[in-house]
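1. Give the three-dimensional model of this entry:
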Amino acid sequence: MAGLKRPGGELSSRPLHFIWMVDCSGSMFGEKIGTVNHAIQDTIPEMLDAANNNPYAQLLVRTLRFSDGASWVTTTPTKIEEFAWSDLEADGVTNLGAALNLLSAQLTIPPMSDRALPPVIVLLSDGQPTDDYKTELSKLLSLPWGKKAVRIAIAIGGDADKEVLAEFTGNKELVLEAKNREMLVKMIKWASTAASMVSSPASQSVDRESTAVTDSDTPLMVDLDTLPSLGADDADVW
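-> Next up is the predicted model:
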């Protein structure tokens, strides 16, 4: 598979937007945010390998951080071949609603291309939102790209609000529990590489006038059978 070429060359591939949404609140300070930084940095080569074996998509990566407000760390969608992780610092509260607001603004046409595959969004959080996330989540899910997106959440530690994360994913099975450093590394690695391969050759398009994803398209799926299992070293909880 390593030598697989994109059919017809680079122009035949379709944009696949992959977005990290990272909780940078004060409770993430120390080992948690440090583990996130190192794990995502280390998984970039594996994301690149996965993307190279996916002939139907051009993987574009961005990072969105939230604490006191929210901001894009990566200002524009960046090809995985050119993506570099910028270490995040933790401080402040958990303004998830502000992050969802910024995300929604990017899931329209433009700036999304009508040729794009539904995006992949991975949310990492260890606590509870401190702003009005429900209004912003409803807005996100009312958007065609928001509704069709592959939405994965990683609950970090025992205090993460898994019910809120399940609201985001729309599927409790896509709320991954990382109880300690070892599990967090495993879940980040799984989410990044598995999600890099979710596109399919099925025709997936958005009507230019309505910006509605066509219902006839095959939904993009993540293979949950490949989720890492708990090991003997995964009993400790943050």
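
2. Just the buried positions in the lengthiest helix in the chain, please.
-> Of all segments of type helix in the chain, defined using DSSP state H, the longest is helix 31-52. Under the neighbour-count criterion of 16 or more other Cβ atoms under 10 Å, helix 31-52 has 32-40, 43-44, 47-48, 50-52 buried. Every C-beta, even on glycine, is put in place using the N, C-alpha and C of the backbone.

3. and the angle from the helix or strand following it to helix 31-52?
-> On the C-terminal side of helix 31-52, the nearest following helix or strand under DSSP states H and E is strand 57-67. Using axes from the mean of the first three to the mean of the last three Cα atoms, to 10 degrees, the inter-axis angle of strand 57-67 relative to helix 31-52 is 170 degrees.

4. hang on, the earlier thing: which helices and strands does the longest helix of the chain pack with?
-> The elements that helix 31-52 packs onto, with contact taken as 3 or more Cβ pairs under 8 Å, 6 or more residues apart in numbering; DSSP states H and E, are strand 14-23, strand 57-67, helix 181-195.

5. Any idea which of the ones you listed gets closest to Pro111?
-> When the helices and strands packed on helix 31-52 are compared by Cβ to Cβ, strand 14-23 sits nearest Pro111, at 9.8 Å.

6. how far does the host helix or strand of Gly97 sit from the chain's center?
-> Element membership for Gly97, per DSSP H and E: helix 96-106. In terms of Cα atoms, centre = their mean, to the nearest Å, the gap separating the centre of helix 96-106 from the centre of its chain is 13 Å.

7. do stretch 16-32 as well
-> Centroid separation for stretch 16-32 versus its chain: 11 Å, with Cα atoms, centre = their mean.

8. please begin residue numbering at 37 from this point
-> From this message on, residue numbering opens at 37, which makes the last subject stretch 52-68.

9. tell me the average confidence for it?
-> Average pLDDT, stretch 52-68: 97.

10. repeat for stretch 182-199
-> For stretch 182-199, mean pLDDT rounds to 95.

11. can I get the CA coordinates of the longest helix of the chain in CSV?
-> C-alpha atoms of helix 67-88 as CSV (Å, rounded to 0.1, in the frame of the first residue of the first chain):
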residue,chain,number,x,y,z
GLU,A,67,1.0,16.2,32.8
LYS,A,68,-2.3,16.3,30.9
ILE,A,69,-1.4,19.1,28.4
GLY,A,70,2.2,17.8,28.2
THR,A,71,1.0,14.4,27.2
VAL,A,72,-1.4,15.9,24.6
ASN,A,73,1.5,17.9,23.1
HIS,A,74,3.9,15.0,22.9
ALA,A,75,1.3,12.4,21.7
ILE,A,76,0.0,14.5,18.9
GLN,A,77,3.6,15.5,17.9
ASP,A,78,4.6,11.9,17.8
THR,A,79,1.6,10.7,15.8
ILE,A,80,2.2,13.1,12.9
PRO,A,81,4.4,10.7,11.0
GLU,A,82,1.7,8.0,11.4
MET,A,83,-1.0,10.3,10.1
LEU,A,84,1.2,11.0,7.1
ASP,A,85,1.6,7.3,6.5
ALA,A,86,-2.2,6.8,6.8
ALA,A,87,-2.8,9.7,4.4
ASN,A,88,-0.4,8.4,1.9
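
12. Just give the closest residue to Arg187, not the sequence neighbours.
-> Counting by Cβ to Cβ, 6 or more residues apart in numbering, the nearest residue to Arg187 once its immediate chain neighbours are dropped is Thr205, at 4.7 Å.

13. mind checking pLDDT for that neighbour?
-> 96.

14. list the contacts for it?
-> Leu159, Arg187, Ile188, Ala189, Val211 (Cβ atoms under 8 Å, 6 or more residues apart in numbering).

15. hmm, try it at 7 Å
-> Neighbour list for Thr205: Arg187, Ile188, Ala189, Val211 [criterion: Cβ atoms under 7 Å, 6 or more residues apart in numbering].
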